[in-house]
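Participant: Need coordinates for the following:
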Amino acid sequence: MTARAVALPFALAGLALILNVIRLPRRPAPRPDPRPAALSGCGLPALDRFGGLRRAVAPRRRFFRVVRLGARWIFLTPRGDPFWLLGVFNVQPPDRRFGAAGVPNAAAWGIATARQLRAWGFNTAAEYSSPWVEPVSRYGARNHHDPLPFVDLLRPEWYSLANRHHYAPGPVKNLVAGLDAEYHNYRGDPLPDVFDPNFAIYANRQAEAETSPALAASPWLIGTAIGDTDSLWGFGPGGALPTRPAGKSSSNIGWIALCTNFRQTGNAALGVRYRNSRVFTKYALARWLRHRYGTIQALDRAWHAAYTRLGDDGGYGRGTGLLDEDGRDPWVGRDDVNLATAKPAVRADLNAFLRKFADRYFAVTAAAVRRFRPGHLVFGPATLNGWHGLTRPQILAAAAQYDDVVQASFGSAQVYRRTLRAAPNRPFVTWMGFTANANSELAAYARPGAGGFPTQAARGAAYAAQLRRDFDRPHVAGAKLWDWADSWGEKANWGLVSLVGRPYGPSHPCPIANATPTATGLRGKGPTAPPRRAIAAGFTGAVAAANRSLLWAFRREMRTIQVLAHGR
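Facilitator: Alright, predicted model coming up:
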């Protein structure tokens, strides 16, 4: 053998090593799918790393988006795969007050809980959830080994009232607090003065301060919800359709704007004082009416009113100016819900201004999110159409104009049809919640007349039935369940798990090692817990089965969809 023949193999080997070293950075090994491999045996269809079906119908993008395929609205994952949102609100660790051993490792709890949710067929951590079940948060990145897509929440409508963190020069006024004794409806929920410049300042500075670079760049952030209807009085059901239970209709915001005091100096309940006492929404209404009618005489003729000025003339509740109105005058009347006692022109104008108010709220909040979280979806407040009723069409239409996703419930086919009439060109994500106190670890706290179910199995059947109804409505692109755990404040069995983190039914439809909340230290006896066998079957098993059934139906439907060239 010649020297050349001996050296050739070593030269080739050296060349191969050099080429391999050069090639490695250019062709990295594929990243493993972070979904637990065991989930593939849980009866779920093949899913991508985000929980979408493995059936790309659009090109890849950086973030989640929504598209309409024929009659069906859907989400698309960053991979371009179809995604029907199945979320759970308020995923939080248990409280030691109820006998739980605590959470020795928050990160481990978050990973285990995310896996638990996936095993039950959920794919989204909805609003109010702990940062530990999300792969990234407004505070920065998390070391999360099993990421779960999530919907974040910003609440300028609530926190601006006390100017929390001093994002604005001053607090925003609550319009409900300015109503006097002529008002006889509910006072527990506020309504912000959205025409106050401080509201827009607060919304923008909150979005900026609470958006970390990691959050803004994260593909796991489905979108940001703006507000909660619990702090947006008037965004709840109007009086067009009955509520369940009866009597839950919210006030017409046009009536509130006309009848609230045009001055507020402070809010004792919040412990705040106002540098500028002007209530900007009432002045905005007065300006709008001046533009519409020109003179007080023209307004009086249209309204059959007896105002003497478009401003104030004698003081709120006493004077004869437009700004002095508090609901006592017969042309306005005290019906703050349906405006049935108001003159026809009054009713028409207040409903028109209601749309102006809704436009202002949604325009300001959506712009703030898009400015600091560009490319991500904007969700409306959770949740319109509350109490099985129908939110006023002006609010639904404004939500559809400015937001990418409208959050609304559909208590009946009629509510769904009338919602589509007001907002025909947007996808919806629904809210649902069910209780069965008598068959839960809160059995000692009866809820007479609360509409709960007698057993966890019946509660699970109700979830399955509602989910089927929502999926059969092509404008519905997802549903969220309230709540991850029972509520001690309400003494209500809302949860998938008890107050100590114990599931109401099977932990998993198939075994996953170290994946249950109990495995991360959530042990203990819940308050007044019934025998375990009484709640071992029912809710979580039915929920998991319903979610699996929906995902398979979704897969069958998506198999017929042609690939899109682009999507919104």
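
Participant: any idea which helix or strand comes after the lowest-mean-pLDDT helix or strand in the chain?
Facilitator: Here the helix or strand of the chain ranked lowest by mean pLDDT, DSSP states H and E is helix 3-26, holding a mean of 37. Using DSSP states H and E, the next helix or strand after helix 3-26 towards the C-terminus is strand 65-69.

Participant: ok, and what's touching that following strand?
Facilitator: Residues from elsewhere that reach strand 65-69 (C-beta atoms under 8 Å, 6 or more residues apart in numbering): 57-58, 73-76, 377, 404-405, 427, 477, 561, 564, 567-568. C-beta here means a position set from N, CA and C on the backbone, and glycine is covered the same way.

Participant: go on, stretch 290-300?
Facilitator: Residues outside stretch 290-300 that contact it (C-beta under 8 Å, 6+ apart): 289, 302, 305, 306, 307, 308, 309, 310, 322, 349.

Participant: And that stretch, what's buried?
Facilitator: Residues 290, 293, 296, 299, 300 are the ones in stretch 290-300 that count as buried (16 or more other C-beta atoms under 10 Å).

Participant: go on, stretch 163-172?
Facilitator: Per 16+ other C-beta under 10 Å, stretch 163-172 contains these buried residues: 163, 167, 168, 170, 171, 172.

Participant: ok, the closest residue to the first one other than its chain neighbours - contacts?
Facilitator: Nearest in space to residue 163, with sequence neighbours left out and distances taken as C-beta to C-beta, 6 or more residues apart in numbering, is residue 171 at 4.0 Å. Contacts here follow C-beta under 8 Å, 6+ apart; on that basis residue 171 touches 160, 161, 162, 163, 198, 267, 270, 272, 274.

Participant: swap the cut-off to 7 Å and go again
Facilitator: Residue 171 makes contact with 160, 161, 162, 163, 272, 274 under the criterion C-beta atoms under 7 Å, 6 or more residues apart in numbering.

Participant: so of the residues you listed, which ones are in strands?
Facilitator: Taking DSSP state E as the definition of strands, the contacts of residue 171 contribute residue 272.

Participant: By neighbours, which of the contacts of residue 171 wins?
Facilitator: residue 160 (29 neighbours; other C-beta atoms under 10 Å).

Participant: contacting residues around that one?
Facilitator: Counted by C-beta under 7 Å, 6+ apart, residue 160 has contacts 168, 171, 172, 192, 198, 199, 202.

Participant: Against residue 263, how distant is the fourth one?
Facilitator: According to C-beta to C-beta, to the nearest Å, residue 192 stands 17 Å off from residue 263.

Participant: Could you do the second one as well?
Facilitator: As defined by C-beta to C-beta, residue 171 lies at a distance of 15 Å from residue 263.

Participant: Just the buried residues of stretch 290-300: which are in strands?
Facilitator: Per DSSP E, those never map to strands.

Participant: So which of those sit within helices?
Facilitator: If you go by DSSP state H, the buried residues of stretch 290-300 have 290, 293, 296, 299, 300 in helices.

Participant: any chance of those in CSV, with pLDDT and distance to residue 131 too?
Facilitator: CSV is the format used below for those (pLDDT from 0 to 100; distance: C-beta to C-beta, whole Å):
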residue, pLDDT, distance to residue 131
290, 98, 48
293, 98, 52
296, 98, 55
299, 98, 52
300, 98, 56
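
Participant: quick one: which of the residues you listed is nearest residue 373?
Facilitator: Of all those, residue 373 sits closest to residue 290, with 37.7 Å by C-beta to C-beta.

Participant: thinking again about what came up before, let me have the contacts of residue 171 in TSV, extended by pLDDT and distance to residue 65.
Facilitator: Output for those, formatted as TSV (pLDDT from 0 to 100; distance: C-beta to C-beta, whole Å):
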residue	pLDDT	distance to residue 65
160	98	29
161	98	33
162	98	35
163	98	34
272	98	40
274	98	41
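
Participant: quick one: low-confidence parts of this structure?
Facilitator: 1-41, 96-104, 141, 143-144, 447-451, 507-537, 562-568 (pLDDT under 70).

Participant: ok, now with 50
Facilitator: Along the chain, segments meeting pLDDT under 50 span 1-41, 511-536, 565-568.

Participant: show me where it has helices.
Facilitator: Counting by DSSP H, the helices of the chain are 3-26, 106-119, 156-159, 197-209, 213-216, 253-259, 280-293, 296-303, 344-372, 393-402, 413-422, 456-471, 539-558.

Participant: Mean neighbour count, those: which tops it?
Facilitator: Ranked by mean neighbour count under mean count of other C-beta atoms under 10 Å, the helices of the chain are led by helix 253-259, which reaches a mean of 27.

Participant: what's in contact with that one?
Facilitator: Here helix 253-259 has contacts from 175-176, 179, 182-183, 191, 234, 281-282, 285, 325-327, 332, 336, 339, 350-351, 353-354, 357, using C-beta under 7 Å, 6+ apart.

Participant: ok so, going back, just the buried ones from the contacts of strand 65-69, in ChimeraX syntax?
Facilitator: Buried subset of these, written as a ChimeraX selection, criterion 16+ other C-beta under 10 Å:
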select :57,58,73,74,75,76,377,404,405,427,477,561,567
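
Participant: Mind checking which of the contacts of strand 65-69 are in strands?
Facilitator: Filtering the contacts of strand 65-69 for strands - DSSP E - leaves 73, 74, 75, 76, 377, 477.

Participant: Show me which of those residues is closest to residue 208.
Facilitator: Taking the ones in strands among the contacts of strand 65-69 together and measuring to residue 208 by C-beta to C-beta, the closest member is residue 377, at 18.5 Å.

Participant: Alright, calling it a day.
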